[in-house]
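Undergrad: sharing a model that was predicted from the sequence below.
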Amino acid sequence: MTKNNLLPESLHFVGVGGIGMSALAQMAASLDCAVSGSDRALNSPENARIINALCKKGVKLYPQDGSRYETAPPPAALVYSTAIEEDNPDFVKAPPGTIRLHRSVAMKLLVEKCSVPIFAVTGSCGKTTVSAWLAESLDRLGASPSMISGGLANHFIRDGFAGNYAQGQGKLCVLEADESDKSLLNYTADHAIVLNIGTDHYSREELAEVFRSFLRATRKTAVLEDKVLETVGLDCVKHLKIALFSTNPAVPETLHGCKVFRVTDYRASSDGVSARIDGTRFHLPVPGMHNAANAAAVTAALSLLGYGMKEIRPAVERFSGVWRRFDFAGRNCRGTAVYDDYAHNVEKICSCIESAHEVCSGRVLFIFQPHGYGPFGFMRKDLYPALEKVLAPDDYFAFLPVYYAGGTTSFEPKAEAVAAEYADRHPRRYLFFQDRLSVREFIKTNLGAADLAVVMGARDNSLSDWARELGGTVPPVQIQGGSVS
């Protein structure tokens, strides 16, 4: 921590192109902090959206080779994430005694400088969508919140910002709270949402204890899925004003003395998607029962903040979405529709599959690129039975090689081994493609106008551009010239 727990006057972000780090860098620059950053993928076209936004905000960018210290005075502190290792050049070449701030600590200092209450959104699944949805709804209600999110919220892609950070003028900051490295325990929220407890990084038991600690420290209100409350217990939230949400129509309107915002009468048709939330019909801008649950969580949160249903419903219905959350990427020459999604754990993959079935009556090819050997190994056992429950008889589920973004790893399990293991149990359904060209050829040969292909995976932004190529749309613009130091 810094002297007197104050935000340093200059910050250097190691891995500044990451979705979370770039949000903080934009925020720091907006607060008149001198900001620089480095990234190994600085000149990769797929990162242009974020890199261009950083340049527009005056962030000085460098290759991740320690050259930051050669041409300018050293920064007062380095900001890093859990993924950065000790042999990183920006660590190795830093002047002795340079302060290091974990991303979550830097977030805490930045939010404290804004002097506004924190509304933290967490859970195994949906926290990016819900943090963006809540922030956008508050903005439409005139609250003008700030926002720090793990995705590019379409509503906030403006004024030179990439969409993962919004500079508001109001008295609230909505932020996505990360449970993957337990960094959400490094700051205290005034308001909180805990969406669910899944199987991504830890066992359910360990993650439940993380959320208990987080909720004990929360100051004012909390929104919980009814299943989350059952798991964490009442003791950790007894000091808070609570609202619940649920997709189980059998849950009573009040549970343990808390109002339950129930999702009922969910409908998906050619006319769109709708559901009743707390008895009011909402026309939802995104498909999937999981998104109806997300809308219920946002509705419950706005209700705790004092808004009425007549105000809430039109604001929630106008949600603009988040980049790479079931985005339509076009149709190929055979008429096959292509979608792009960030799904990368068991629950998110299954939700994506269910959404695809709502918009397609034909066959679906799901193409999954695992986002690291550790997470892939963690989900290996649970993924197969989950897929067997949601895949349609004629669906295909294909693996691409594991995306390796650096760090210590055993390079196991291999995607081809997992695909073979699954195929032994259910032949023909599970496939492995060594490269993206093979996927393109499979689609051309096997899918037609009534069918659909979905690209799924996290961390690798090139997946979005590739989905657009498969869909026959124009790739995004390249990085602007002359912007990088």
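TA: That came through fine.
Undergrad: roughly how far apart are the closest residue to S361 other than its chain neighbours and L109?
TA: Leaving out its chain neighbours, the residue that sits closest to S361 by CB to CB, 6 or more residues apart in numbering is A450, at 6.5 Å. (Glycine included, C-beta is placed from N, CA and C.) Distance of A450 to L109, computed by CB to CB, to the nearest Å: 53 Å.
Undergrad: more crowded one of these two?
TA: Neighbour count, other CB atoms under 10 Å: between A450 and L109, L109 has more, with 23 against 12.
Undergrad: E9 is in contact with the more buried one, correct?
TA: No - counting by CB atoms under 8 Å, E9 is not a contact partner of L109; they are 11.8 Å apart.
Undergrad: once you drop chain neighbours, what's closest to R425?
TA: In this structure, R425 finds its nearest non-sequential neighbour in Y384, 6.9 Å apart by CB to CB, 6+ apart.
Undergrad: can you tell me the helix or strand for the one you found?
TA: Counting by DSSP states H and E, the element that carries Y384 is helix 373-390.
Undergrad: partners of the helix or strand following that helix, with directions?
TA: Next along the chain after helix 373-390, taking DSSP H and E as the criterion, comes strand 396-399. Here strand 396-399 has these sheet partners by DSSP bridges: strand 364-368 (parallel), strand 430-432 (parallel).
Undergrad: okay, now the unreliable bits of the stretch 251-400 of the chain?
TA: Scanning the stretch 251-400 of the chain for pLDDT under 70 picks out no residues.
Undergrad: now the residue most central in space within the chain, what's its secondary structure?
TA: The residue lying closest to the centre of the chain (CA atoms, centre = their mean) is T128, at 3.8 Å. Applying DSSP: H, G, I helix; E, B strand; the rest coil to T128 yields a three-state assignment of helix.
Undergrad: for the nearest residue to it once chain neighbours are set aside, which residues are in contact?
TA: Nearest non-adjacent residue to T128, counting by CB to CB, 6+ apart: G151, 4.0 Å away. Counting by CB atoms under 8 Å, 6 or more residues apart in numbering, G151 touches 19, 128-129, 132, 163-164, 322-325, 342.
Undergrad: hmm, back to that, hmm, who's touching the helix holding Y384?
TA: Helix 373-390 has contacts (CB under 8 Å, 6+ apart) with 199-201, 344-347, 349-350, 353-354, 370, 397, 402, 404, 409-413, 415, 418, 421-422, 425-426.
Undergrad: now swap in stretch 263-272 and tell me
TA: The contact list for stretch 263-272 (CB under 8 Å, 6+ apart) reads 245-247, 249, 273-277, 279, 281, 283-284, 287, 289, 292-293, 295-296, 358.
Undergrad: got it, and stretch 300-307?
TA: Contacts of stretch 300-307 (CB under 8 Å, 6+ apart): 119, 134, 137-138, 141, 191, 193, 221, 223, 241, 243-245, 259, 261, 309, 311-312, 315-316.
Undergrad: what does stretch 457-468 give?
TA: 44-47, 49, 323-324, 327, 329-330, 338-340, 342-344, 368-372, 400, 403, 405, 436, 455, 474-476.
Undergrad: in strands, which of the residues you listed appear?
TA: Among the contacts of stretch 457-468, DSSP state E puts 327, 329-330, 338-340, 368, 455 in strands.
Undergrad: looking at these, state which has the most neighbours.
TA: Neighbour counts for the ones in strands among the contacts of stretch 457-468 (other CB under 10 Å) peak at V455, which has 28 neighbours.
Undergrad: from V439, how far off is it?
TA: With CB to CB as the criterion, V455 and V439 are 9 Å apart.
Undergrad: list residues touching both of the two?
TA: 367, 470.
Undergrad: adjacent strands (with direction) for the strand ranked longest in the chain?
TA: Once the chain is assigned using DSSP E, the strand that runs over the most residues is strand 258-269. With DSSP bridges as the test, strand 258-269 is paired with strand 241-246 (parallel), strand 254-255 (antiparallel), strand 272-277 (antiparallel).
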